[in-house]
Every structure is written in structure tokens, then in C-alpha cells.
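> Structure for the following, please:
(chains A, B, C and D)
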Number of protein chains: 4
Amino acid sequence: MPEVIKAGILGATGAVGQRFIQALENHPWFEITSLAASERSAGKTYDKAANWRLESKLPDSVKDMKVVPVDPKKVDADVVFSALPSDYAKTVEAEFAKEGFVVASNASAYRMEKDVPLVIPEVNADHLGLIDVQQDKRGWDGYIVTNPNCSTIVMVPTLKPLMQFGLESVTVATMQAISGAGYDGIASMAILDNVVPYIGGEEEKVETEPLKLLGEFDGTKIIDADIEISASCNRVPVMDGHTENIWAKMTQNPTPEQVREAFLNFNPGLGDLPTEPNPVLIVRDEPDRPQPRLDRNMGNGMGITVGRIREGIRYTVMGHNTVRGAAGASVLNAELLHKLGKL
Amino acid sequence: MPEVIKAGILGATGAVGQRFIQALENHPWFEITSLAASERSAGKTYDKAANWRLESKLPDSVKDMKVVPVDPKKVDADVVFSALPSDYAKTVEAEFAKEGFVVASNASAYRMEKDVPLVIPEVNADHLGLIDVQQDKRGWDGYIVTNPNCSTIVMVPTLKPLMQFGLESVTVATMQAISGAGYDGIASMAILDNVVPYIGGEEEKVETEPLKLLGEFDGTKIIDADIEISASCNRVPVMDGHTENIWAKMTQNPTPEQVREAFLNFNPGLGDLPTEPNPVLIVRDEPDRPQPRLDRNMGNGMGITVGRIREGIRYTVMGHNTVRGAAGASVLNAELLHKLGKL
Amino acid sequence: MPEVIKAGILGATGAVGQRFIQALENHPWFEITSLAASERSAGKTYDKAANWRLESKLPDSVKDMKVVPVDPKKVDADVVFSALPSDYAKTVEAEFAKEGFVVASNASAYRMEKDVPLVIPEVNADHLGLIDVQQDKRGWDGYIVTNPNCSTIVMVPTLKPLMQFGLESVTVATMQAISGAGYDGIASMAILDNVVPYIGGEEEKVETEPLKLLGEFDGTKIIDADIEISASCNRVPVMDGHTENIWAKMTQNPTPEQVREAFLNFNPGLGDLPTEPNPVLIVRDEPDRPQPRLDRNMGNGMGITVGRIREGIRYTVMGHNTVRGAAGASVLNAELLHKLGKL
Amino acid sequence: MPEVIKAGILGATGAVGQRFIQALENHPWFEITSLAASERSAGKTYDKAANWRLESKLPDSVKDMKVVPVDPKKVDADVVFSALPSDYAKTVEAEFAKEGFVVASNASAYRMEKDVPLVIPEVNADHLGLIDVQQDKRGWDGYIVTNPNCSTIVMVPTLKPLMQFGLESVTVATMQAISGAGYDGIASMAILDNVVPYIGGEEEKVETEPLKLLGEFDGTKIIDADIEISASCNRVPVMDGHTENIWAKMTQNPTPEQVREAFLNFNPGLGDLPTEPNPVLIVRDEPDRPQPRLDRNMGNGMGITVGRIREGIRYTVMGHNTVRGAAGASVLNAELLHKLGKL
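Below you'll find the predicted structure:
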């Protein structure tokens, strides 16, 4: 890969922004060229603007980089990764796409827009065909590609191989990590020795995003999958890693062994993407796996671990919510865009 | 209540045994007269034999009581509360029943025996009719009455009022407290910053015990309820309080409001039992309740809190696993036996 | 006690405010007559204004009480308990004292003012003589009495009985609960699986407040005790209860047994105060006590547990930071004021 | 390094044994050739014998390796790393040393024996001169070298540079991680929402081992350093990383800035050892560092982070207890032995 792709990060100082830096540091294709954040941070060096809270060291390469405002005129990049809050993303991401940037967004603002691809590379790479639709319709030089909510991302790669059995309905109970709410999202008094059985807006996302992801692209639009999903979302005292109990009803009533085989055989053929995990689905046969503390870093945080496949069909899946479920998802989308010649 | 009922505790030094002492201290009907434990403990005073680990003070009344062996000849009591491990309970509880004791057991050994009542007073008090069947069949002077597993107890009082709507199937995901495994049951390295998606034998209990509890007693035996239950059980870093996400399918498709009303109107008429909570089901309308830390002590730990009643029908229920779900359950059963003149 | 003393709470909706409500509910002397909070809350009923987060139920008696502004003209009370933030307390508490209220304050604003008593009843009840000095100097009809910081309160009742041995210096390392920072004070991502070795301003308070508390009142002023205190304060993932490792150097070099006796014999003679714990200092001889989870509720949260008394002299002390260390401290001060005829 | 040094692990299946595997995987000098464990494990492949509980994947290179008994005749290695329990280590380590093995031990059995080096490479590499004394005295072909207790290792590298200021006394309060007690060492009910102010035998080790480590080797024996150490050791709900508040009295009364400089300048010149961190002491100037969750993995878990250097002299130090404080310590000792031609 002779030339380097210039990457900017929008919302670079927050929790997901820091995960973007971690994901892009030492990336073989992308180089961080711009760190954009709010007016309060702009003008400062990154180490002064951000309170680095990851377990790894703040990379020297970004430490002294000057933070710029979230403004297309101030950002030097081919692709911008967006970790912006959703309301703000609505306006800003459009401005960047209009100015010709490729926007790989983790925000929810555009996910459900009809002409915006909502993509997990292993699930629906062909939905990127919507980019042309989007550019035609909006007259933008660039475009926006989104990845789903963290709970959705952990679940849908296991649903994809179940589609062959006639997937009809999904019941899912999530046990979500505190990092999903951002650094200051959950007070310690709220969650120590506790479970909070509610996450605002989460169940709606988990019940609708998969329908688009598993839908069919007919050349001009996505036809949603016909699956009934019912979710109950809970917050638990875990740092990283969303765990989900899933019940999947299929018309063909596969056996647990058939489901296990389908998971093991799931190979989207994306091994040439730098951060693609191999395998995508890690099947554990021990009765007490997956566990977030032990399995969240598999595949550098991009692997999805599945276990307890039983009659029902019931199983449990777990993935790293701020890597696979956020920053890593956007980066993987950008890698796919580059492979396809769209970036 | 002029005369006092003499109460013994089998397995008095363990986690549930300590909860029995807490439940019986200052009880208006029962007085602790015997504390029985393993040979290692027998002969010592209780404060020497047990490592008291509850947040309340070790009651002065039992502090200096001498621990006796788990032997019907050494125990002076009308009723014995059993916190024995299940394999040991199988032999020992029969010996006590044979010798004329009323055995109120929290152990699983006899729960599914056809002639042994498995009872939650608010759900199936009439199943106590099995006592006569049991005594006839086994030729015992006393008898055994059991209460269900902690996860079952938290769930079934909410299923009972749903029976009127034609309850067909239940899907349940549990998030269970560490105290459910006993004091040394879960290593801290296993559960800190973690979820363990497996509890040995738990799902089987949650899937079968409710069928007996919600079944009909025809004068000689229980006819199991015809409900399909599917459970996924998880351990979470919570001290006390099992939280459960429930999906209930009913032939009559009640609205969430109808279900809420059914919960609010659930009144088993047991207000004359000393530890019966009022109400049994505490309905919370806030979106983020129940929570174990905030709600587990409602009704002195005997109340069951339910919330998030939504289309589906979906809801979340939470109860104190070692009070309502263990020691308190056996004590409530004994109170009911006394009210019915069987003790 | 025929007549009832009317009590107001300033800052009634916050974490310490809620503890005040809990402490005053069912109090034999005081009755809550006013709940004051910020403009945002004023006018609403208490259950609407506050997000009740204690494990006990929101008392019915205050549920529907209308919240009033923090304004002497709107508050109907003989004594006001202040849970205000320190900067705000500086202005507001003076206004209340000027208008004739007795202000029992948990805020730090006036603690170190020369004419304001900083009092732990068991330690320096005689410092209340400063009230006259204060009223003379400031021309107030009412007055302000303060209690110390939560870490100080847990420590100083153990230092008081050591004064007889010629206490010279104290080294203290604290392990403080998250509730000390208020409900939203510590993000869960900051403290789960972590220790934070810093609490802003805390070490300064722990190093200076005891000197005033253990000082002598000469009729007009306090002469600080001549003790050197060095503190390192840490935050740990504990809900309630501050644990402190203490090293105390004394000129008379008492033995651990002498120190233990001094703790056991510590009896300030305040048994007629309703919330005074008996004993004040609970001495535990087990090697692994005190522990916050097991000991914080002793004496209804007002007891202070001490253990591990060893050569050095070293020992460990633990107390409930939001009961004994905050709301309960102010209430105990008010009880003392009433006993002395000053309220 | 052309030839490879063959390494065995004694006690390979336990928590520290697993850390040894992690430390030796991909090591440039050592290759794991023998995994030894109890009779129960011997004969099984490692993945069957051990319950792998680290966040990284069980290395393929050891997965199918057959576990051998802890017997010098069955172990093929130049050096054996010992993670044995102390009582067992006493006998077994001598057998291995007698048979010619170099034993690098993390067990406490031989630490305080006069002819056995207790070494932290950065602190007292010259104490390895005791090897000759040991072999002479005991007539062994091999020898034993030990590393100190985890709490000692975290502290002493900060005391070493303070020796130049005339270190007289140390007061230390530790907040230790649960992994220090082994996988099943601490029950979750014991430590969730809690602090346990006692760790059996720990304070004695922290008060005595540093005297040997900081002592002088006169060619035949160690003359202990003349420092008074007083420790209070606490367990806190943290997975990995011991945090310690230290007060150090020195005759020359250095300023905090002088101490900071001494820490920054501490360079033992061991940069040619593969796992030696650079720097050894990481000085953080933020007020709220070090923190175990954020800093324990610095220098691949071998770095020691120090902060909050204040008048007193007081400071806080933190290091990874099962890497730097256990397995990594033994491996670093073995690297030093190899560099010195003794292995």
C-alpha cells in the first residue's frame, strides 16, 4: 500500500474518540492527520485537551498534535471518523460529506436514513451501493457511511448465518458495559452492586437496526428483513464488553449442532482487511463462556465470542462494545471502502 | 399467640442458615431452640462455630447457644428449617420427618418428589394438601414442605396473576446475585468486572419448578401447568437480589395496562402471616426500576418489585434471593402451616 | 418531650439531604417542617423534586411535602440542617443565622471560622461555648454550629481517648467510599476495578480540623491542639463507609492493650441523646475487622468500629460516611444543643 | 542469542503459573520445555489440566504440551520458575537445586534464608554473590534465587533511590488487588463493596524483606539495612495492581522536588535485559495518579508508577502484582543470571 490515507477524528477527545486513536495508531493504511473537537479543546495540544483514560499509553504520535475545530475547512483528511454526539452529528456530518469527505460515522444520526448505508462488513457489504444513491440524491461530493449501535453489532453477525434457516424472530436480553454510556455516563453510585434494567433508546435501536442490516439492497433501496425482534436492555457493573442472551426462532428448526456449524463456517472473506478478526465468530464450547472480562479482547477486540448454543435455539454472545461496537466498527467500514476503491 | 413454636435450624452456620437466624429473631410465633450444624461445629457456641457475615449484628439470643449435631435425637424443636446442601438433605430431612418433625426446607432434594409440596404461599397454598398424601405413603409422623429455587420464587408470583390471561410460554433471562452461590461459592476474580453466563443446574430448575407450582392439586397429586419455559441464567457482580427479564405469551394477549392492573390487584389474602409483605408485588412505573440495590429490601426483603411492563408482554422483576428466595420463603411456608393448623 | 422541635433541611434533595430525611424520620424530638432546595426544585412536591436513591423507602410523611426555596422567609423551622454546597453555604447559612435560626451545618464553609463551633459531641461539647462569642461578634439572633468532614469524624473519636497518653503525631491513610462525593460525584468508569489516590481538598481538612476539635476552649477562643497530622486520602469502590489506617505516636508509649482499654472505656456520657450510639467505639478483636460492608450500619450508622490495634501504635477505624460522617453528625449536634437548652 | 535456554515452570496451572507462561511466550532467551504441576494434573495436556483465566489467549505453543509431575527427574530444563505454594516449595525447590537446576522462585520459602539471594535486579543485583555461598554450604549443583513478595517489590524500587538521603523509616499502607491471593483466594462476597484491612502474613513480609533487599553484601553475607518499616495491608476490590501510600523519613530531609529527581534519575543500567522496563520508575505529575486500572500495564506490567510526591516525604506507588510482583520478577531475575553468566 504505497500511499497513506489521511484520517481525521471528529470528537477526538471523548471515550470513543480515544478508541479511534488507539485503533488508528500503527494502522497500515490510515494515518491520523487531524484531531477535531469542541471549541473548548481546539487550539490546545491533544494531551492538554483530552483526559486520556485508556489502559494503554497515549501515543506519542498524537500527544503534541494540535486539536482543530470540527469544521471541514480546518480538517485535513480523506476520511473522517465521527464520534460526535448524535444531535450534533446530524448537522456536522452533512457539512463534511458535502465538502467531499468520506464520513465513517459511529453516531446514530444518519443510521436509519434511507439513502445512508448502515454497514457491518461481514454482514451487508453490498449495502455500500447506497453511496451512489446518496450522492445522487443529496448532491454531495463525499458521503456518509454508518455503523450500528454497539449492542446491535455484537448480535447481528450471529444472526447473519442463521438467515439460511429462515430466521423469524429474535428475543434478546443484554447485559451492557458501563463504557457504553461514555466516561461520565454512569455514576458509580448508580451501578456498584447493582443492575439498571433500562438504557434510554437502546431497545428501539436493537429492535430496528438489524432489520436494515439484514435487509436486501435492490439497487436503489434497502428492503427490511422480516424478523420480529424484542429486546430488554440492562446495564451491569462491567467495564467493557456487552453480553447478550439470544433466543432465535427459525422456520427450519435447526439443531444446536447445525447452528454451531453455521457459526464456525461463517466466513465473509474479508481476511485482507487489516483489522478483520479471524475468525469473526469465536465459538466456545465450555459451559461458562463467553465472559466479558476473559473474551472481550479476542481478535484485538474485534472478535465476537459465542457460546452456550442450546435447544431453543438459545445462545449467548459477547463483544467489545467500544472496539468492535464503536471505533473499530467505523475503521473496519473504512477499510472495506478502501478495498472497494471508494476511498 | 400464647404458646411459642420451637424452631430448629439445620445447617445453621452457613449463609442461608444465618439468614434463618435473622428471619426468626424477634419473630412473633417462632423461637429458635436448636442450632444444628456439621460435626465440626457441634459442641461449640454459635459465635465460635459460625463466621457471622451479615450486615446486622449477631443476635445476643443465639450468640452463646451451643450448636448440636444434625440429628433428630439432639434437636429440640417443633419445626426445623433446613439450609442443608441438597445431597445431604435427601437423607437427613427424611430422618427428621420420620421422627415427627415438620421440615420446612430450602434444599432442592425433595422439591420435585410427587408427594412433597413445593409451595409459595401466595401462589399455591392448596398444594399443602399433599402433606396427607406424603404421610400416608411414607408412614412418617412429620412431613417435609419445600420452597422453590431463588430464581423461581422471584418469577412465579408474577406469573400467577397472568394465568387468568391464558399463560402459554415464558422466556426469562436472569441476572443473579453472588450470594445465591453461598459465601465461598464465587471467587472474586471470577466475577469482578464480569458476567458469567452460566449457573449449574439453575436453568433446569427455573424451567420445571414453576410447572409444579402453577399446577393443579386434584386431591391426590399435582397436575403440572402446561406452560413452556425457556431460561438463560447469568451471574452478575451484585451482592443480593436477582433481576429477571421476562417475556410472557398469553392466549388472551392482554395489554401492558391490563397486566399492570393484574399485578396491582394480586392479593392472596395472607395479611395475617407475620412476614407476608404488603403488597406482594410492588409495581414501579419509573423506567429504570426495579434495581437490586434500591429495591431488594422492600417488605423486609420479602417484597417482589416489578417494572418495565411493556408490549410483548415484557417486564422485569427483582427480589431478594437469600431472604424472599431462601430463608424467608421457608419461614413464610411455616407461618402458613401454623395458620392452617398443621404446625 | 412534650413540644416538638421544628426542623428544616437546606439542600433537601441531594445525597446528604436524603440522609437528613432518613435521620429525622421518626425522630423523637425533631419533626421535619420544611424542605428547602434550589429554585429548580422549589414548588414541586418532594417526590417529584428529588430522585430518592436510598435503600429504604421514601417516607410517606415527606413524599407530598412541597419543596420551598432556600430562603429564611420561606422556611418554617427552629433548626435548619444544612447539606448545602460549601460556596453557597457561606452566604445562605449566615442569612439563616441572622434571622434567628439555629443552623446545624454539614458544609465546610464555616468550620474553621474562629467563632464558629466545630463539634463532635463525644469529643468537644464544651466548644459550644463559642456560640455566645459568635452571636456577640456578629450580632446574629441565631447561630451556626458545624460538624467536621466525614474522614475527620471517623478518626477523631479514636484520637480523643489517646490524648491522655500525650498524642504527638498522627499518620493516616484513608480508603473512602464513593458516596462521599455525592451521587454524581464519581463516574463508574473512574472507580470500577480501581483506586483513585486523591480527593481534592480532603487531606487538608483531615490535617487541620482535628487540631481545632481536640483543642481547648478558653472561654473566648479555641487553642488548637499541638499534634502533627499527615494524611493520604484514597477513593475505593465501596458504597458507604470510610476505612482508615492510623499510626499514632504518643509521648507515653502506651501498649496496644492500654490503647484498647482506652477505646473500650471511652464514654462521653451522652446516652440521653436519641441517636447517640452505645458504645461510641466498637472494638473488634478479629484480625480482619472493621470492614465497611459488615460494620457500617452498627449503632444505626452512628457507631465507629475500631480494630487491629497493634504496636506502633497502629490501628484501623471505620465509620459510615454519610450517616455518622454527615447527616447524622449534624443531627447529633442538634440533639446536644437541645439538651443544653440552646435549641 | 544463538542458543535457547530451556525453562520449566513448577506449579504451571495456577494463577502465577499462568502468568509465567504469558511472560515466557515469545521470550527471546527462554523457551518453555516443561510444565510441572500436581499429580492430579500430570499426564494431561495443559489445556485440559489448567483452567486458563487470563485475558489473553492460551498460547498454542503450550496448549497441547503434556504436564509432568513436580519431580527433577521428569523436568527437562536449565532453569525452573517456581510458582509453588510456600510449604511445598521448601522441599521441592531444594530437590531441584540439588539436581543442578537453577531455581528462580516466587515462593516465600527461602526468601529469608541467609545464603539465598532475595533479589530485585534494579535494587541489589550484587546479592547474587550469595549463590557461591549457597552452593558451598549446601553442596548443591544448582541453586535457588528468590524474588520478594508482591507488595515489597512495588515499594522497594522507590526506596532504593531514597537511600542516598539517609532513609530512616518507612510507613506504608497498601491497597492490594484480589489476584494477589490466587484465583480462589478471595470470595466475591468478602470483597464486593468492601475493604478487608488484613492480609495474613503480609505486613511481616513488607516489614522485613526490604531490610535484606536494601542491605549490603560483604562477600559472605547480607547485613540488613537499618530502616524501621511499619505496614498496614488492606485488600480492595481491584483485579490487578497494588497501590501503596508511603511516608519516608530521611536524615537529609530532601524536598519533594529532590525526591522526584531521584526517581526520574533512577537508572540501574539493565536496559539489555529483555523485560526490563524503561524507565523503571514512571513518575506522574497529575494529582490523581497512579491508578491501578490505568497504570498497571505500563512497561508490559513491569513498570512501577509513582506520583503524589509531597512534603513529608509522602508519595503513592503502584505496580502490577502478578507481573512485576510475581512471575515477571522471577523472569527478570533469570535474565539477570543469564547476563551474568550464571545461567
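> what's the spacing between stretch A:213-224 and its chain's center?
19 Å (CA atoms, centre = their mean, to the nearest Å).
> For the residue in chain A positioned nearest to chain D, which residues are in contact?
With distances taken as CB to the nearest CB, chain A approaches chain D most closely at residue A:193, which sits 4.9 Å away. (Each C-beta comes from the backbone N, C-alpha and C, glycine too.) Residues counted as contacts of residue A:193 (CB atoms under 8 Å, 6 or more residues apart in numbering or on different chains) are A:237, B:237-239, B:292-293, C:239, D:192-193.
> where do the strands sit along the stretch 51-200 of chain A?
Along the stretch 51-200 of chain A, counting by DSSP state E, counting those that start in this stretch, strands occupy A:68-69, A:79-82, A:102-105, A:143-146, A:167-176.
> Enumerate the residues of the stretch 101-250 of chain A near chain C.
A:178-179, A:183-193, A:237, A:239 (CB under 8 Å from any CB of the partner chain).
> And the residues you listed, which of them are buried?
Neighbour counting with 16 or more other CB atoms under 10 Å in any protein chain shown marks A:178-179, A:183, A:185-193, A:237, A:239 as buried within those.
> of all those, which two lie farthest apart?
A:183 and A:193 (20.8 Å; CB to CB).
> can you pull up the bridge partners for the residue of chain A found nearest chain B?
Closest to chain B within chain A is residue A:173: 3.4 Å, counting by CB to the nearest CB. Counting by DSSP bridges, residue A:173 is bridged to residue A:232, residue A:245.
> got a list of what it touches?
Here residue A:173 is in contact with A:231-234, A:244-245, B:173, B:232, B:245 (CB under 8 Å, 6+ apart).
> ok, residue A:127 to residue A:143 distance?
For residue A:127, the distance to residue A:143 equals 13 Å [CB to CB, to the nearest Å].
> what separates stretch A:88-103 from the chain centre, distance-wise?
Offset of stretch A:88-103 from its chain centre (CA atoms, centre = their mean): 19 Å.
> got it, and stretch A:239-253?
From the chain centre to the centre of stretch A:239-253 is a distance of 17 Å (CA atoms, centre = their mean).
> cool, and stretch A:199-210?
So, by CA atoms, centre = their mean, the centroid of stretch A:199-210 is 14 Å from its chain's centroid.
> Stretch A:4-21 too?
The answer for stretch A:4-21 is 14 Å, by CA atoms, centre = their mean.
> Same question for stretch A:40-53.
That offset, for stretch A:40-53, works out to 24 Å (CA atoms, centre = their mean).
> Could you do stretch A:323-342 as well?
Centre to centre, stretch against its chain (CA atoms, centre = their mean), the figure for stretch A:323-342 is 9 Å.
> tell me the mean pLDDT over it?
Taken as a whole, stretch A:323-342 has a mean pLDDT of 97.
> check whether that stretch contacts chain D.
No - using CB under 8 Å from any CB, stretch A:323-342 never reaches chain D; the gap is at least 13.2 Å.
> send the alpha carbons of that stretch over as CSV?
Provided in CSV are the C-alpha atoms of stretch A:323-342 (Å, rounded to 0.1, in the frame of the first residue of the first chain):
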residue,chain,number,x,y,z
VAL,A,323,-13.9,-1.5,20.0
ARG,A,324,-16.0,-3.9,17.8
GLY,A,325,-19.1,-2.0,18.8
ALA,A,326,-17.9,1.6,18.1
ALA,A,327,-14.5,2.9,16.9
GLY,A,328,-13.3,-0.5,15.5
ALA,A,329,-16.6,-0.8,13.5
SER,A,330,-16.1,2.5,11.8
VAL,A,331,-12.5,1.7,11.0
LEU,A,332,-13.5,-1.6,9.5
ASN,A,333,-16.1,0.1,7.4
ALA,A,334,-13.4,2.5,6.1
GLU,A,335,-11.1,-0.4,5.3
LEU,A,336,-13.8,-2.0,3.3
LEU,A,337,-14.4,1.3,1.5
HIS,A,338,-10.8,1.4,0.6
LYS,A,339,-10.7,-2.1,-0.6
LEU,A,340,-13.7,-1.4,-2.8
GLY,A,341,-12.0,1.7,-4.3
LYS,A,342,-14.4,4.1,-2.7
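> Flag every buried residue along it.
Across stretch A:323-342, burial judged by 16+ other CB under 10 Å covers A:323-338.
> and those residues, which two are the farthest apart?
Taking CB to CB as the measure, these span a maximum distance of 21.5 Å, between A:325 and A:338.
> count of residues packed around residue A:219?
When counting by other CB atoms under 10 Å in any protein chain shown, one arrives at 8 neighbours for residue A:219.
> ok, now which ones touch it?
Contact partners of residue A:219, counting by CB under 8 Å, 6+ apart, are residue A:129.
> Now with 10 Å, please.
Residues near residue A:219 by CB atoms under 10 Å, 6 or more residues apart in numbering or on different chains: A:129-130, A:132-133.
> mind giving me TSV with those residues and columns for neighbour count, distance to residue B:310 and pLDDT?
As requested, these are exported to TSV (neighbours: other CB atoms under 10 Å in any protein chain shown; distance: CB to CB, whole Å; pLDDT from 0 to 100):
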residue	neighbour count	distance to residue B:310	pLDDT
A:129	16	36	97
A:130	25	32	98
A:132	14	40	97
A:133	19	35	97
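> Need the CA coordinates for stretch A:299-310. CSV is fine.
Taking C-alpha atoms only, stretch A:299-310 is exported to CSV below (Å, rounded to 0.1, in the frame of the first residue of the first chain):
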residue,chain,number,x,y,z
GLY,A,299,-9.1,-10.6,17.8
ASN,A,300,-7.8,-7.3,19.3
GLY,A,301,-11.3,-6.5,20.5
MET,A,302,-12.9,-7.2,17.0
GLY,A,303,-13.7,-10.9,17.6
ILE,A,304,-17.2,-11.8,18.7
THR,A,305,-17.4,-14.8,21.1
VAL,A,306,-20.5,-17.0,21.1
GLY,A,307,-21.3,-19.9,23.4
ARG,A,308,-24.0,-21.9,25.2
ILE,A,309,-25.7,-22.9,22.0
ARG,A,310,-28.7,-24.9,23.1
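> domain ranges for chain A?
A:5-149+A:326-339, A:150-320 (automatic domain parsing).
> Could you dump those into CSV with distance to residue D:202 added?
Formatted as CSV, the domains of chain A follow (distance: least, CB to CB, whole Å):
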stretch, distance to residue D:202
domain A:5-149+A:326-339, 26
domain A:150-320, 25
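> Report the buried members of the contacts of residue A:173.
Buried subset of the contacts of residue A:173 (neighbour count, 16+ other CB under 10 Å): A:231-234, A:244-245, B:173, B:232, B:245.
> Report the two of the residues you listed separated the most.
Greatest spatial distance among the buried ones among the contacts of residue A:173 (CB to CB): A:233 and B:232, at 14.9 Å.
> For residue A:185, give me its contacts.
Listed by CB under 10 Å, 6+ apart, the contact partners of residue A:185 are A:15, A:178-179, A:191, A:199, A:235, C:187-189.
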